[in-house]
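Student: Below is the sequence, then the predicted model.
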Amino acid sequence: LLLYYDTLKLKPTMKSSLVLAALLLGNFASTLAFSPRPTSTSSPAPLAASSSTALHGIRSAVARARDSLLSRERTDEDLKSGIAFFYDRSSKLWEDVWGEHMHHGYYIPEDRTDHVQAQIDLIDEVLKWAGVGDDGKTPKKVVDVGCGIGGSSRHIVRKYEGATANGITLSPYQAQRGNELAKEQGLEDRASFQVADALNQPFPSNTFDLVWSLESGEHMPDKQKFVNELLRVAAPGGRIIIVTWCHRDLLPGEPCLSTKEEKILAKINRAYYLPKWCSVADYVSLLEKAGAENIKREDWSYIIAPFWKAVIKSSLNLKSLVGLLKSGFSTIRGAYAMLLMLKGFNAGVIKFGLITCTKKDE
(Lines give C-alpha, C1' and ligand atoms only; values in the text may rest on other atoms or scores of the structure.)
Protein backbone atom coordinates (compact mmCIF):
# COMPACT_ATOMS: atom_id res chain seq x y z
CA LEU A 1 0.00 0.00 0.00
CA LEU A 2 2.78 2.41 0.89
CA LEU A 3 4.28 2.11 -2.59
CA TYR A 4 1.11 3.59 -4.06
CA TYR A 5 1.95 6.94 -2.44
CA ASP A 6 0.14 8.98 -5.11
CA THR A 7 -3.09 7.09 -4.46
CA LEU A 8 -2.71 7.43 -0.70
CA LYS A 9 -1.62 11.09 -0.97
CA LEU A 10 1.53 10.66 1.12
CA LYS A 11 3.94 13.56 1.40
CA PRO A 12 7.02 13.31 -0.88
CA THR A 13 9.38 13.19 2.13
CA MET A 14 7.39 10.34 3.64
CA LYS A 15 7.38 8.54 0.29
CA SER A 16 11.16 8.78 -0.02
CA SER A 17 11.69 7.41 3.47
CA LEU A 18 9.30 4.52 2.91
CA VAL A 19 10.80 3.55 -0.44
CA LEU A 20 14.30 3.66 1.07
CA ALA A 21 13.18 1.47 3.94
CA ALA A 22 11.48 -0.96 1.55
CA LEU A 23 14.62 -1.25 -0.56
CA LEU A 24 16.88 -1.82 2.44
CA LEU A 25 14.59 -4.27 4.20
CA GLY A 26 13.61 -6.06 1.02
CA ASN A 27 17.17 -6.52 -0.14
CA PHE A 28 18.29 -7.60 3.32
CA ALA A 29 15.46 -10.13 3.59
CA SER A 30 16.27 -11.41 0.11
CA THR A 31 19.91 -11.85 1.08
CA LEU A 32 19.02 -13.77 4.22
CA ALA A 33 16.59 -15.96 2.31
CA PHE A 34 19.18 -16.97 -0.28
CA SER A 35 22.35 -17.03 1.83
CA PRO A 36 24.12 -20.40 1.88
CA ARG A 37 23.15 -22.60 4.81
CA PRO A 38 25.44 -25.15 6.48
CA THR A 39 24.76 -28.63 5.08
CA SER A 40 26.50 -30.70 7.74
CA THR A 41 24.54 -31.78 10.80
CA SER A 42 27.55 -33.15 12.68
CA SER A 43 28.75 -29.88 14.12
CA PRO A 44 27.79 -26.22 13.96
CA ALA A 45 29.75 -23.84 11.74
CA PRO A 46 32.51 -21.92 13.47
CA LEU A 47 31.39 -18.63 14.97
CA ALA A 48 33.92 -16.64 12.94
CA ALA A 49 32.73 -18.16 9.67
CA SER A 50 29.10 -17.59 10.64
CA SER A 51 29.82 -13.94 11.49
CA SER A 52 31.68 -13.52 8.22
CA THR A 53 28.75 -14.91 6.23
CA ALA A 54 26.32 -12.61 8.03
CA LEU A 55 28.58 -9.61 7.42
CA HIS A 56 28.87 -10.51 3.74
CA GLY A 57 25.08 -10.79 3.54
CA ILE A 58 24.60 -7.35 5.08
CA ARG A 59 27.18 -5.81 2.76
CA SER A 60 25.53 -7.46 -0.27
CA ALA A 61 22.11 -6.19 0.80
CA VAL A 62 23.40 -2.66 1.27
CA ALA A 63 25.18 -2.80 -2.10
CA ARG A 64 22.00 -3.92 -3.87
CA ALA A 65 19.96 -1.25 -2.12
CA ARG A 66 22.54 1.36 -3.16
CA ASP A 67 22.48 0.14 -6.77
CA SER A 68 18.68 0.24 -6.77
CA LEU A 69 18.55 3.76 -5.39
CA LEU A 70 21.14 4.93 -7.93
CA SER A 71 19.44 2.99 -10.74
CA ARG A 72 22.71 1.42 -11.82
CA GLU A 73 22.88 -0.82 -14.88
CA ARG A 74 23.19 -4.56 -14.38
CA THR A 75 25.62 -6.87 -16.14
CA ASP A 76 24.30 -9.18 -18.87
CA GLU A 77 24.57 -12.18 -16.54
CA ASP A 78 22.75 -10.34 -13.75
CA LEU A 79 20.02 -9.43 -16.22
CA LYS A 80 19.63 -13.02 -17.39
CA SER A 81 19.38 -14.53 -13.92
CA GLY A 82 17.29 -11.61 -12.67
CA ILE A 83 14.74 -11.97 -15.47
CA ALA A 84 14.29 -15.67 -14.69
CA PHE A 85 13.90 -14.96 -10.96
CA PHE A 86 11.52 -12.04 -11.50
CA TYR A 87 9.17 -14.00 -13.75
CA ASP A 88 9.43 -17.16 -11.65
CA ARG A 89 8.12 -15.11 -8.73
CA SER A 90 5.60 -12.82 -10.47
CA SER A 91 3.96 -14.95 -13.19
CA LYS A 92 1.54 -16.78 -10.89
CA LEU A 93 0.28 -13.49 -9.47
CA TRP A 94 -0.21 -12.07 -12.97
CA GLU A 95 -2.12 -15.16 -14.10
CA ASP A 96 -4.32 -15.08 -10.99
CA VAL A 97 -5.30 -11.46 -11.65
CA TRP A 98 -5.12 -11.13 -15.45
CA GLY A 99 -5.05 -14.60 -16.95
CA GLU A 100 -2.69 -16.31 -19.39
CA HIS A 101 -1.74 -13.29 -21.55
CA MET A 102 1.19 -11.34 -20.13
CA HIS A 103 1.14 -8.29 -22.38
CA HIS A 104 -0.69 -5.06 -23.23
CA GLY A 105 -4.23 -4.91 -24.54
CA TYR A 106 -5.82 -3.36 -27.63
CA TYR A 107 -7.90 -0.41 -26.44
CA ILE A 108 -10.08 0.65 -29.32
CA PRO A 109 -12.42 2.00 -28.16
CA GLU A 110 -10.26 3.40 -25.38
CA ASP A 111 -12.94 3.06 -22.70
CA ARG A 112 -13.30 -0.71 -23.04
CA THR A 113 -13.20 -2.64 -19.78
CA ASP A 114 -12.99 -6.22 -21.08
CA HIS A 115 -9.26 -6.32 -20.42
CA VAL A 116 -8.61 -10.01 -21.08
CA GLN A 117 -10.36 -9.78 -24.44
CA ALA A 118 -8.36 -6.62 -25.15
CA GLN A 119 -5.16 -8.67 -24.74
CA ILE A 120 -6.45 -11.35 -27.12
CA ASP A 121 -7.49 -8.66 -29.60
CA LEU A 122 -3.97 -7.22 -29.50
CA ILE A 123 -2.58 -10.52 -30.84
CA ASP A 124 -5.14 -10.64 -33.65
CA GLU A 125 -4.72 -6.98 -34.57
CA VAL A 126 -0.91 -7.25 -34.67
CA LEU A 127 -1.15 -10.30 -36.95
CA LYS A 128 -3.59 -8.41 -39.17
CA TRP A 129 -1.38 -5.30 -39.24
CA ALA A 130 1.65 -7.40 -40.20
CA GLY A 131 -0.25 -8.98 -43.09
CA VAL A 132 -0.10 -12.55 -41.82
CA GLY A 133 -2.28 -14.63 -44.12
CA ASP A 134 -2.82 -11.86 -46.70
CA ASP A 135 -1.19 -14.00 -49.38
CA GLY A 136 -3.50 -16.89 -48.62
CA LYS A 137 -0.79 -18.76 -46.73
CA THR A 138 -1.16 -19.20 -42.97
CA PRO A 139 1.80 -19.98 -40.71
CA LYS A 140 2.55 -23.63 -40.02
CA LYS A 141 5.60 -23.36 -37.76
CA VAL A 142 5.76 -20.58 -35.19
CA VAL A 143 8.39 -19.62 -32.62
CA ASP A 144 7.31 -17.45 -29.70
CA VAL A 145 10.42 -15.66 -28.44
CA GLY A 146 9.86 -14.63 -24.83
CA CYS A 147 6.66 -16.63 -24.56
CA GLY A 148 5.58 -15.92 -20.97
CA ILE A 149 3.22 -18.73 -19.98
CA GLY A 150 2.35 -19.32 -23.62
CA GLY A 151 -0.87 -17.37 -24.14
CA SER A 152 0.10 -16.04 -27.58
CA SER A 153 1.37 -19.42 -28.81
CA ARG A 154 -1.81 -21.26 -27.85
CA HIS A 155 -4.00 -18.56 -29.37
CA ILE A 156 -2.06 -18.59 -32.64
CA VAL A 157 -2.19 -22.38 -33.08
CA ARG A 158 -5.92 -22.29 -32.43
CA LYS A 159 -6.28 -19.48 -34.97
CA TYR A 160 -4.36 -21.19 -37.76
CA GLU A 161 -5.33 -24.78 -38.56
CA GLY A 162 -2.39 -27.16 -38.51
CA ALA A 163 0.03 -24.68 -36.98
CA THR A 164 2.50 -25.66 -34.25
CA ALA A 165 4.39 -23.38 -31.90
CA ASN A 166 7.60 -23.55 -29.88
CA GLY A 167 7.90 -21.03 -27.06
CA ILE A 168 11.09 -20.07 -25.26
CA THR A 169 11.58 -18.21 -21.98
CA LEU A 170 14.31 -17.77 -19.39
CA SER A 171 11.85 -18.64 -16.61
CA PRO A 172 11.54 -22.33 -15.64
CA TYR A 173 8.21 -21.58 -13.98
CA GLN A 174 6.81 -20.02 -17.16
CA ALA A 175 7.93 -22.94 -19.35
CA GLN A 176 6.40 -25.47 -16.96
CA ARG A 177 3.17 -23.52 -16.62
CA GLY A 178 2.93 -23.02 -20.38
CA ASN A 179 3.13 -26.77 -20.93
CA GLU A 180 0.56 -27.41 -18.18
CA LEU A 181 -1.91 -25.02 -19.81
CA ALA A 182 -1.29 -26.53 -23.25
CA LYS A 183 -2.17 -29.96 -21.86
CA GLU A 184 -5.24 -28.61 -20.05
CA GLN A 185 -6.44 -27.02 -23.30
CA GLY A 186 -5.75 -30.11 -25.40
CA LEU A 187 -2.90 -28.43 -27.29
CA GLU A 188 0.11 -30.36 -25.97
CA ASP A 189 0.79 -31.78 -29.46
CA ARG A 190 0.77 -28.32 -31.04
CA ALA A 191 2.35 -25.96 -28.50
CA SER A 192 5.41 -26.65 -26.35
CA PHE A 193 7.57 -24.48 -24.15
CA GLN A 194 11.15 -24.67 -22.92
CA VAL A 195 13.82 -22.68 -21.13
CA ALA A 196 16.18 -21.13 -23.67
CA ASP A 197 18.05 -17.90 -24.42
CA ALA A 198 16.57 -15.73 -27.18
CA LEU A 199 20.10 -14.69 -28.14
CA ASN A 200 21.14 -18.31 -28.63
CA GLN A 201 18.04 -20.21 -29.69
CA PRO A 202 18.11 -24.03 -29.73
CA PHE A 203 16.59 -24.28 -33.22
CA PRO A 204 18.10 -24.96 -36.65
CA SER A 205 18.35 -22.11 -39.12
CA ASN A 206 15.54 -21.55 -41.64
CA THR A 207 12.89 -23.27 -39.49
CA PHE A 208 9.89 -21.01 -38.75
CA ASP A 209 7.58 -19.21 -41.16
CA LEU A 210 6.38 -16.94 -38.32
CA VAL A 211 8.80 -15.54 -35.75
CA TRP A 212 6.79 -13.83 -33.00
CA SER A 213 8.27 -11.62 -30.28
CA LEU A 214 5.65 -9.87 -28.17
CA GLU A 215 7.10 -7.61 -25.46
CA SER A 216 10.37 -9.45 -25.00
CA GLY A 217 12.78 -7.36 -27.08
CA GLU A 218 13.13 -4.83 -24.27
CA HIS A 219 14.90 -7.51 -22.21
CA MET A 220 17.62 -8.13 -24.82
CA PRO A 221 21.00 -6.60 -23.90
CA ASP A 222 22.38 -7.07 -27.44
CA LYS A 223 19.71 -5.86 -29.87
CA GLN A 224 21.76 -6.63 -33.00
CA LYS A 225 22.33 -10.21 -31.87
CA PHE A 226 18.63 -10.47 -31.04
CA VAL A 227 17.61 -9.32 -34.52
CA ASN A 228 20.18 -11.59 -36.17
CA GLU A 229 18.88 -14.59 -34.24
CA LEU A 230 15.26 -13.88 -35.20
CA LEU A 231 16.28 -13.78 -38.85
CA ARG A 232 18.45 -16.90 -38.53
CA VAL A 233 15.62 -19.14 -37.31
CA ALA A 234 13.11 -17.69 -39.78
CA ALA A 235 12.46 -19.71 -42.93
CA PRO A 236 13.23 -18.04 -46.27
CA GLY A 237 10.35 -15.69 -46.94
CA GLY A 238 9.25 -16.04 -43.31
CA ARG A 239 7.60 -13.22 -41.37
CA ILE A 240 9.21 -11.65 -38.30
CA ILE A 241 7.08 -9.58 -35.90
CA ILE A 242 8.60 -7.58 -33.05
CA VAL A 243 6.30 -5.77 -30.60
CA THR A 244 8.28 -4.05 -27.90
CA TRP A 245 8.68 -1.14 -25.53
CA CYS A 246 11.05 1.44 -26.99
CA HIS A 247 12.07 4.97 -26.19
CA ARG A 248 10.97 7.73 -28.54
CA ASP A 249 12.85 8.35 -31.78
CA LEU A 250 15.48 11.05 -31.42
CA LEU A 251 14.87 14.29 -33.26
CA PRO A 252 17.21 15.37 -36.08
CA GLY A 253 20.44 16.61 -34.48
CA GLU A 254 19.43 15.32 -31.03
CA PRO A 255 22.31 13.20 -29.66
CA CYS A 256 20.42 11.45 -26.85
CA LEU A 257 17.43 11.55 -24.55
CA SER A 258 17.20 14.22 -21.88
CA THR A 259 18.62 13.54 -18.43
CA LYS A 260 15.10 13.47 -17.01
CA GLU A 261 14.00 10.89 -19.57
CA GLU A 262 17.07 8.74 -18.94
CA LYS A 263 16.37 8.75 -15.20
CA ILE A 264 12.82 7.47 -15.69
CA LEU A 265 14.05 4.63 -17.89
CA ALA A 266 16.92 3.77 -15.53
CA LYS A 267 14.49 3.32 -12.63
CA ILE A 268 12.27 1.07 -14.74
CA ASN A 269 15.33 -0.93 -15.78
CA ARG A 270 16.14 -1.76 -12.17
CA ALA A 271 12.59 -2.96 -11.47
CA TYR A 272 12.06 -5.02 -14.62
CA TYR A 273 15.63 -6.22 -15.26
CA LEU A 274 16.03 -4.30 -18.51
CA PRO A 275 19.19 -3.17 -20.31
CA LYS A 276 19.49 0.16 -22.11
CA TRP A 277 16.53 1.02 -24.30
CA CYS A 278 16.54 1.72 -28.02
CA SER A 279 14.08 3.36 -30.40
CA VAL A 280 11.95 1.87 -33.17
CA ALA A 281 14.23 3.68 -35.62
CA ASP A 282 17.16 1.78 -34.09
CA TYR A 283 15.39 -1.52 -34.69
CA VAL A 284 14.74 -0.60 -38.32
CA SER A 285 18.43 0.20 -38.79
CA LEU A 286 19.46 -3.11 -37.20
CA LEU A 287 17.06 -5.06 -39.43
CA GLU A 288 18.32 -3.27 -42.54
CA LYS A 289 21.87 -4.10 -41.53
CA ALA A 290 20.90 -7.78 -41.07
CA GLY A 291 19.40 -7.95 -44.55
CA ALA A 292 15.69 -7.99 -43.69
CA GLU A 293 13.19 -7.06 -46.39
CA ASN A 294 9.77 -5.37 -46.48
CA ILE A 295 10.36 -3.58 -43.18
CA LYS A 296 7.32 -1.82 -41.74
CA ARG A 297 6.91 0.05 -38.47
CA GLU A 298 4.20 1.78 -36.46
CA ASP A 299 3.64 3.41 -33.08
CA TRP A 300 0.71 1.95 -31.15
CA SER A 301 1.30 3.87 -27.92
CA TYR A 302 -2.12 5.50 -28.15
CA ILE A 303 -3.80 2.13 -28.66
CA ILE A 304 -2.42 0.55 -25.48
CA ALA A 305 -2.45 3.78 -23.40
CA PRO A 306 -5.27 2.72 -20.99
CA PHE A 307 -3.49 -0.55 -20.13
CA TRP A 308 -1.22 0.59 -17.29
CA LYS A 309 -4.00 2.45 -15.51
CA ALA A 310 -6.09 -0.71 -15.71
CA VAL A 311 -3.24 -2.83 -14.31
CA ILE A 312 -2.65 -0.42 -11.44
CA LYS A 313 -6.36 -0.30 -10.65
CA SER A 314 -6.60 -4.11 -10.71
CA SER A 315 -3.82 -4.36 -8.14
CA LEU A 316 -5.58 -2.15 -5.61
CA ASN A 317 -7.66 -4.87 -4.00
CA LEU A 318 -7.04 -7.23 -1.09
CA LYS A 319 -6.45 -10.37 -3.19
CA SER A 320 -3.89 -8.67 -5.42
CA LEU A 321 -2.10 -7.00 -2.52
CA VAL A 322 -1.83 -10.25 -0.56
CA GLY A 323 -0.51 -12.00 -3.67
CA LEU A 324 1.96 -9.16 -4.22
CA LEU A 325 3.35 -9.48 -0.70
CA LYS A 326 3.67 -13.25 -1.05
CA SER A 327 5.54 -12.88 -4.35
CA GLY A 328 8.46 -11.09 -2.72
CA PHE A 329 10.47 -7.91 -3.02
CA SER A 330 11.28 -8.03 -6.73
CA THR A 331 7.58 -8.28 -7.60
CA ILE A 332 6.71 -5.47 -5.18
CA ARG A 333 9.34 -3.29 -6.82
CA GLY A 334 7.90 -4.23 -10.23
CA ALA A 335 4.46 -3.14 -9.02
CA TYR A 336 5.89 0.21 -7.94
CA ALA A 337 7.49 0.59 -11.38
CA MET A 338 4.02 0.46 -12.98
CA LEU A 339 3.66 4.07 -11.89
CA LEU A 340 6.92 4.88 -13.68
CA MET A 341 5.73 3.12 -16.83
CA LEU A 342 2.56 5.19 -16.78
CA LYS A 343 4.62 8.33 -16.24
CA GLY A 344 6.92 7.41 -19.12
CA PHE A 345 4.04 6.79 -21.52
CA ASN A 346 2.34 10.03 -20.50
CA ALA A 347 5.60 11.96 -20.98
CA GLY A 348 6.06 10.49 -24.45
CA VAL A 349 9.45 8.93 -23.72
CA ILE A 350 8.13 5.34 -23.76
CA LYS A 351 6.66 4.08 -27.01
CA PHE A 352 4.88 0.85 -27.88
CA GLY A 353 6.54 -0.03 -31.16
CA LEU A 354 5.55 -2.52 -33.84
CA ILE A 355 8.08 -3.69 -36.41
CA THR A 356 7.64 -6.39 -39.03
CA CYS A 357 9.75 -7.64 -41.91
CA THR A 358 10.45 -10.72 -43.97
CA LYS A 359 13.54 -12.83 -44.47
CA LYS A 360 14.95 -12.88 -47.99
CA ASP A 361 13.34 -15.68 -49.97
CA GLU A 362 16.23 -17.74 -51.28
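Tutor: Happy to help now that I have it.

Student: Could you check how many residues crowd around Arg190?
Tutor: Neighbour count of Arg190, defined by other Cβ atoms under 10 Å: 18. (Each C-beta comes from the backbone N, C-alpha and C, glycine too.)

Student: what sits against it?
Tutor: By Cβ atoms under 8 Å, 6 or more residues apart in numbering, the contact set of Arg190 is 157, 163-165, 182.

Student: what helix or strand does Gly253 sit in?
Tutor: Under DSSP states H and E, no helix or strand contains Gly253.

Student: Equivalent analysis for the one 3 residues further on, please.
Tutor: Cys256 is part of no helix or strand, with elements assigned from DSSP H and E.

Student: Give the closest residue to it in space, chain neighbours not counted.
Tutor: Nearest residue to Cys256 in three dimensions, chain neighbours excluded: Leu250, at 7.1 Å (Cβ to Cβ, 6 or more residues apart in numbering).

Student: In helices, which of the contacts of Arg190 fall?
Tutor: Members of those lying in helices (criterion: DSSP state H): 157, 182.

Student: what's the closest of the contacts of Arg190 to Gly131?
Tutor: Ala163 (16.5 Å; Cβ to Cβ).

Student: residues near the closest one, how many?
Tutor: 19.

Student: Residue numbering should commence at 80 henceforth.
Tutor: With the count now opening at 80, the last piece we talked about shows up as Ala242.

Student: Now it: closest residue in space, sequence neighbours ignored.
Tutor: Val236 is the one closest to Ala242 (Cβ to Cβ, 6+ apart), at 4.7 Å.

Student: Can you tell me how far the spatially most central residue of the chain is from Ser231?
Tutor: Note on the chain: the residue nearest the mean C-alpha position is Ser295, at 5.2 Å, using Cα atoms, centre = their mean. Taking Cβ to Cβ, to the nearest Å as the measure, Ser295 falls 10 Å from Ser231.

Student: about what we covered before: I'd like to know how many residues surround the nearest residue to the residue nearest to the centre of the chain once chain neighbours are set aside.
Tutor: Of all residues not flanking Ser295 in the chain, Gly225 sits nearest, at 2.3 Å (Cβ to Cβ, 6+ apart). Per other Cβ under 10 Å, the neighbour tally for Gly225 reads 27.

Student: Wait, Gly225 touches Val290, no?
Tutor: No: contact criterion Cβ atoms under 8 Å: Gly225 and Val290 do not qualify, at 11.4 Å.

Student: so Glu267, which of the three states?
Tutor: Classification of Glu267 using DSSP: H, G, I helix; E, B strand; the rest coil returns coil.

Student: One more: the one 4 residues further on?
Tutor: Going by three-state DSSP, the secondary structure assigned to Ser271 is strand.

Student: how many neighbours does the closest residue in space to Trp173 that isn't next to it in sequence have?
Tutor: Of all residues not flanking Trp173 in the chain, Met181 sits nearest, at 5.7 Å (Cβ to Cβ, 6+ apart). When neighbours are counted by other Cβ under 10 Å, Met181 registers 22.

Student: Please apply the same query to the one 3 residues further on.
Tutor: Residue crowding around Gly184 was assessed by other Cβ under 10 Å; the count is 22.

Student: That one: what's its closest spatial neighbour, skipping adjacent residues?
Tutor: Counting by Cβ to Cβ, 6+ apart, Gly184 lies nearest to Ala197, which is 3.0 Å off, once chain neighbours are set aside.

Student: Please give me every residue in contact with the one you found.
Tutor: Residues near Ala197 by Cβ under 8 Å, 6+ apart: 184-186, 191, 386.

Student: Make sure Gly432 is indeed in a strand.
Tutor: Yes: counting by three-state DSSP, Gly432 is located in a strand.

Student: buried stuff in stretch 249-264?
Tutor: Under the neighbour-count criterion of 16 or more other Cβ atoms under 10 Å, stretch 249-264 has 249-250, 252-254, 256-258, 260-261 buried.

Student: go on, stretch 360-369?
Tutor: Residues 361-366, 369 are the ones in stretch 360-369 that count as buried (16+ other Cβ under 10 Å).
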